[in-house]
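Engineer: sharing a model that was predicted from the sequence below.
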Amino acid sequence: MTDWTERGEAISVETVLREWVDREARKDAYPDADPAGWDRERLLRELTETYEEPAEPVVDGREWYTVEFDGDEVGELGTFPGSGWEWLAEDGTVASAVERLDDESVAGEVPDAAEKVAWFAEHPGREFGAAVAWQPDGEWPPRLLDGNHRACGTYRAARSGEDASLTVHLGVEP
């Protein structure tokens, strides 16, 4: 088990939430927003209600760090524990999801995910903001709440020999 927090920088939960709202607000499907002056409660409410993001675990008494993961390390992260990610990632990891997406028949069943992962893999140097991962009850590996497509694209790019990394806001139990 790796302790990635040792090489990370501590950040506030409000920063995690604010940056997450900012990323969601840039998407075409959602309203623009400027979360600069919002407090924790409003940030959480906007993420869960307006953007329908699973942000509740973020405010659940964790310590937060910003950690830079290289592409191989990204493969160790757990995918979001729900929706199609559970089906896609047989062992629950980003690496497993990418391996399954390499199978054209699997990719054909989830064309939107396959297309997004391929796009992120083709743009490994582009900055999209930090993914968000947390360790529920000290579980290993940390699981992504936000950034599954980016993480899969980063891992795929690294596996192909690209110099790829992903910034992750990582929440751990104190």
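Structural biologist: Yes, it's here.
Engineer: elements contacting the worst-scoring helix or strand of the chain on mean pLDDT?
Structural biologist: Ranked by mean pLDDT, DSSP states H and E, the helix or strand of the chain with the weakest confidence is helix 83-88, at a mean of 86. Applying 3 or more Cβ pairs under 8 Å, 6 or more residues apart in numbering; DSSP states H and E, we find helix 83-88 packed against helix 94-101. Placement of C-beta: from N, CA and C, glycine included.
Engineer: tell me where this protein has strands.
Structural biologist: 9-11, 63-70, 131-134, 143-146, 165-172 (DSSP state E).
Engineer: wait, what's in contact with residue 47?
Structural biologist: Contacts for residue 47 (Cβ atoms under 8 Å, 6 or more residues apart in numbering) come out as 17, 20-21, 24, 53, 55.
Engineer: show me where this protein has helices.
Structural biologist: Using DSSP state H, the helices of the chain run over residues 13-25, 40-45, 71-74, 83-88, 94-101, 104-109, 111-122, 148-159.
Engineer: looking at those helices, which has the lowest confidence?
Structural biologist: The minimum mean pLDDT among the helices of the chain belongs to helix 83-88 (a mean of 86).
Engineer: could you dump that one to CSV, C-alpha only?
Structural biologist: The C-alpha coordinates for helix 83-88 follow below in CSV (Å, rounded to 0.1, in the frame of the first residue of the first chain):
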residue,chain,number,x,y,z
SER,A,83,-22.9,3.3,-12.3
GLY,A,84,-21.2,1.7,-15.3
TRP,A,85,-17.7,1.9,-13.7
GLU,A,86,-18.3,-1.1,-11.5
TRP,A,87,-19.2,-3.2,-14.6
LEU,A,88,-16.3,-1.8,-16.7
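Engineer: residues in contact with that helix?
Structural biologist: 79, 92, 96-97, 100-101, 106, 110, 113, 148.
Engineer: cool, and stretch 25-42?
Structural biologist: With Cβ under 8 Å, 6+ apart, stretch 25-42 has contacts from 13-14, 17-18, 21-22, 24, 43, 46, 50-51, 59.
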